[in-house]
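Peer 1: Structure for this input, please:
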Amino acid sequence: MPDEHITELQNHLDKAEGFLDPKAMLETIRRVVEDSDTAEAVRRVLINISPSQVERMFKALEKRQEEENFPYEPERLERLKQILEKLIQPYPALARFRKAERLAKITG
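Peer 2: Now for the predicted structure:
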């Protein structure tokens, strides 16, 4: 994913109003990412990985880099880290959706 797409997507997600539920998030992502499979993959990452998890995930991967069958070249792993650090942010509309979802579960 080119840096300009990441920046544009970040801007759209940061400025999203209301609740960024999975459908609204996918619509927002599709403004920037044309390929539907890629857009869905980005949506899943944004829904399932928090900013704090990115750092933990890459610390664990960096420890495994010395293993013989490690699947990523150092450059590719570093690029993925850069992308995720930029993209995985505490977007307000996503936070509102998560809070509403938690409240709905609590109150039934």
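
Peer 1: ok, how many other residues are close to the residue lying closest to residue 50 once chain neighbours are set aside?
Peer 2: Using C-beta to C-beta, 6 or more residues apart in numbering and skipping residues adjacent in sequence, the residue nearest residue 50 is residue 88, 7.0 Å away. To be clear about C-beta, it is placed using only N, CA and C from the backbone, and glycine gets the same treatment. For residue 88, the count of nearby residues is 20 (other C-beta atoms under 10 Å).

Peer 1: just the helices in the protein please.
Peer 2: For the chain, the helices defined by DSSP state H cover 3-15, 22-30, 36-48, 51-64, 74-87, 92-107.

Peer 1: quick one: contacts of the shortest one?
Peer 2: Same thing as helix 22-30. 9, 12-13, 16, 18, 20, 36, 39-40, 42-43, 46-47, 93-94 (C-beta atoms under 8 Å, 6 or more residues apart in numbering).

Peer 1: what about 10 Å?
Peer 2: 9, 12-13, 15-21, 33, 36, 38-44, 46-47, 91, 93-94, 97 (C-beta atoms under 10 Å, 6 or more residues apart in numbering).

Peer 1: And the fifth one, by the same measure?
Peer 2: Applying C-beta under 10 Å, 6+ apart, the external contacts of helix 74-87 come out as 1-3, 5-7, 9-10, 13, 42, 45-46, 49, 51, 53-55, 57-58, 61-62, 64-65, 70-73.

Peer 1: CA atoms only: put it into CSV for me.
Peer 2: Provided in CSV are the C-alpha atoms of helix 74-87 (Å, rounded to 0.1, in the frame of the first residue of the first chain):
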residue,chain,number,x,y,z
PRO,A,74,13.9,-7.8,7.3
GLU,A,75,12.9,-5.1,4.8
ARG,A,76,9.4,-6.5,4.3
LEU,A,77,8.9,-6.8,8.0
GLU,A,78,10.1,-3.2,8.6
ARG,A,79,7.7,-2.0,5.8
LEU,A,80,4.8,-3.8,7.4
LYS,A,81,5.6,-2.3,10.8
GLN,A,82,5.7,1.2,9.2
ILE,A,83,2.3,0.7,7.6
LEU,A,84,0.7,-0.7,10.7
GLU,A,85,2.1,2.0,13.0
LYS,A,86,0.7,4.7,10.7
LEU,A,87,-2.6,3.0,10.0
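
Peer 1: Nice, that's everything, thank you.
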